[in-house]
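J.: here is a sequence together with a model predicted from it:
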Amino acid sequence: MTLSLSESTFTTGGSRSSGRPVSPSRSDRDGVSLSQVVLDPDGFWGSRQLVNAEATLSHCLQWMGELGWIENFDRIARGARTDERAGWMFSDSEIYKLLEAMAWELAVRPTEALSAEYRSLVSRVAAAQDPDGYVGTAFGHPGLPPRYSDLAMGHELYNIGHLLQAAVARLRTEGEDLLVDVARRAADHVCREFAEGRREGICGHPEIEVGLAEFARATGERRYLDQARLFVERRGRGSLPVRPLLSAEYFQDDIPVREAAVLRGHAVRALYLSAGATDVAVEDRDEPLLAALAAQWRRTVERRTYITGGMGSRHQDEGFGEDFELPSDRAYCETCAGVASIMFSWRLYLSTGDVHYADLIERTLFNVIAVSPSLDGRAFFYANTLHQREAGSEAVAGVNTRAEGSTRAPWFDVSCCPTNVARTLASLPAYFASEDQDGVSLLQYAAGEIDAGGFRLRVETDYPRSGSIRVVVVTAPAEERRVRLRVPEWADGAVLRGPDGAERLLARGWADVRRSFAAGDVIDLDLPMAPRMSFPDPRVDAVRGAVAIERGPVVLCAESVDLPEGVGIDEISVEAGGPIESTLDGARIRARVRRVASPGDFRPAFGGDTRTETDGTVEVGLIPYHRWAGRGPSTMRVFLPLSDARTPRVG
């Protein structure tokens, strides 16, 4: 990986950052803004973005209203005493994440109804802000603990960080308004309260770092970036009190950021912190810090990331396990960790241009983000297991107290994931392309139009069902420029045909077409979509002797509803290298049915004389993992045991 930081000075992004979730002032490339990409409403991502706008935003608003999370702000505004507060102390952040999603959505599909809901929600937040800029509904008011009396678990700075990100969305799409004013006053309060020589604390849940850094970029105010750096540098000094069952590692407070070798502890916290630290490194030209973060990303992806892109293998602390500790049935893979992974990877891509970051973003989008929401946008997975042993039952219609579940739930006691999905889908097109002085790079593939790098391009594709991607030049700059297309890491045998009709076989990475383009020029990229077997690293004990099957960027799974009657998900195995038939968006494979002989006496799971009987073979349909549980409770698995219990050597 090559790291490069431009020599430009820190200034506000101005119009160049309009509509971009991330806009570094020191980068050789920019992500596109929301106004530069329009997704077709019937495409894979365009349809999900439309459902997000028409259903998910109102769904989140309704639940937070009914549960009293918004009323928390009204109570503070009235000066009323709080004896029993609704929601966890971090429920404020859900209102802020929803406001961010609304701000992005209003930039793309403005409606008077959504605008009115946005203004109403902002006014209720603003009314609860204290004269000195502090805003929070769980501390510092009658009946509540004092401000910052529980930095480890109180989430006060975490909440403000999400407020700042919401304000960035509004500032970059509509400009100054009441939300931006509230955020500026809150940021100024944080800078006064936690300045060098004042309160030398950090928040137990990182987020203030990325919020301050991006707010600094959006406003051009250097002091916010300086405060973000203070928080990053203070981390890892053991300053947070350790609670029972937790550790300094849980808070990323065990090792300074620039000295860590890998991401560890609570997965969402680690990834949010890494995103904020990357912002600081880029803006301050801190190449050693940026290099450390890139190395942490690499080791984490190599050793602590699931085939889906999911991160976090431990339920107890929602955290990373040790290297290669990746059990399928106990995978946590929180949806919010997927969101945070994209945030971290996107910042590293913008700062380095390395294609591997875009590859991981694609994997995470299709196999974590797309998995969480139901097709109607009103139910969600919080955690994303890779192996469901029991079918379970339908989620309760009300608030679900457990994050784990075999079906998507409408809401959770800790409902961080629905609003995180909402803000990600609302801003999604901004991650699909980037532009630089040489032209435009297409990073993710979806049907629609892109206006970037001096080009207006029409992308025609049914991706990921089809690997055929046609890029039609609608308008082009007069001079010679480059259109760059990403060739995914899984796409061995990809073929490109340029405007001159020449065909070439592509290596993984980038495919560049450089010429003087004209309207009507066509670039065709054909990605191989035949289903393929993916074998785990032999050091992943939990799935040794098993195989996953992928089709393009999509991980496939076997689900009980697709098995013949009487055959269980734990009774099938497949042959390594056996034939796989491609279906519309999945695969079909022959599987051997092997049953444990019925014991006549006591037989322990280990050490007993367990006999198996082969009961022929069956044809098994495999579906995209993001569709699992869409037909009701089921059993499911991504990794299928190999019939010969041996993993082929992969060279």
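T.: Right, received. Where do you want to start?

J.: quick one: Val620 and Ala558 touch, right?
T.: Yes - contact criterion C-beta atoms under 8 Å: Val620 and Ala558 qualify, at 5.7 Å. Heads up, the C-betas are built off the backbone N, CA and C, glycines and all.

J.: who's more crowded, those two?
T.: The neighbour count for Val620 versus Ala558, taken as other C-beta atoms under 10 Å, is higher for Ala558 (25 against 21).

J.: and Asn159, how many neighbours?
T.: 29.

J.: make sure it is indeed in a helix.
T.: Yes - judged by DSSP: H, G, I helix; E, B strand; the rest coil, Asn159 forms part of a helix.

J.: check contacts around it.
T.: Listed by C-beta atoms under 8 Å, 6 or more residues apart in numbering, the contact partners of Asn159 are Phe90, Asp92, Ser93, Tyr96, Gly136.

J.: give me that answer again for 10 Å
T.: Shown in contact with Asn159 (C-beta atoms under 10 Å, 6 or more residues apart in numbering): 89-96, 135-139, 186, 203, 205, 207-208, 211.

J.: can I get whatever helix or strand Glu449 lives in in PDB, CA atoms only?
T.: Using DSSP states H and E, Glu449 falls within strand 448-452. Taking Å, rounded to 0.1, in the frame of the first residue of the first chain, the C-alpha atoms of strand 448-452 are listed here in PDB:
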ATOM      1  CA  GLY A 448     -27.800   4.700 -12.700                       C
ATOM      2  CA  GLU A 449     -25.900   7.900 -13.700                       C
ATOM      3  CA  ILE A 450     -22.700   9.400 -12.500                       C
ATOM      4  CA  ASP A 451     -21.500  12.900 -13.100                       C
ATOM      5  CA  ALA A 452     -17.900  13.100 -12.100                       C
END
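
J.: list the contacts of it.
T.: The contact list for strand 448-452 (C-beta under 10 Å, 6+ apart) reads 30-33, 35-41, 43, 45-46, 429, 432-436, 439-442, 456-461, 471-472, 474-475.

J.: just the buried residues from these, in PyMOL please.
T.: In PyMOL, this line selects whichever of these come out buried by 16 or more other C-beta atoms under 10 Å:
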select buried, resi 30+31+32+33+36+37+39+40+43+45+46+429+432+433+434+435+436+439+440+441+442+456+457+459+461+471+472
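
J.: could you tell me which of the contacts of strand 448-452 are located in helices?
T.: Counting by DSSP state H, the contacts of strand 448-452 place Trp45, Gly46 in helices.

J.: where does pLDDT dip in the stretch 551-651 of the chain?
T.: Applying pLDDT under 70 to the stretch 551-651 of the chain picks out residues 597-603, 607-613, 645-651.

J.: for it, which segments count as strands?
T.: For the stretch 551-651 of the chain, the strands defined by DSSP state E, counting those that start in this stretch cover 554-559, 572-573, 580-582, 587-596, 612-624, 636-637, 640-641.

J.: can you list the strands that the second one pairs with?
T.: Put plainly, it is strand 572-573. As defined by DSSP bridges, the strand partners of strand 572-573 come to strand 587-596 (antiparallel).

J.: tilt between the strand it pairs with and strand 612-624?
T.: Computed by axes from the mean of the first three to the mean of the last three C-alpha atoms, to 10 degrees, the angle separating strand 587-596 from strand 612-624 equals 150 degrees.

J.: could I get the buried residue list for strand 587-596?
T.: Using 16+ other C-beta under 10 Å as the test for burial, strand 587-596 gives Ala587, Ile589, Ala591, Arg592, Val593, Arg594.
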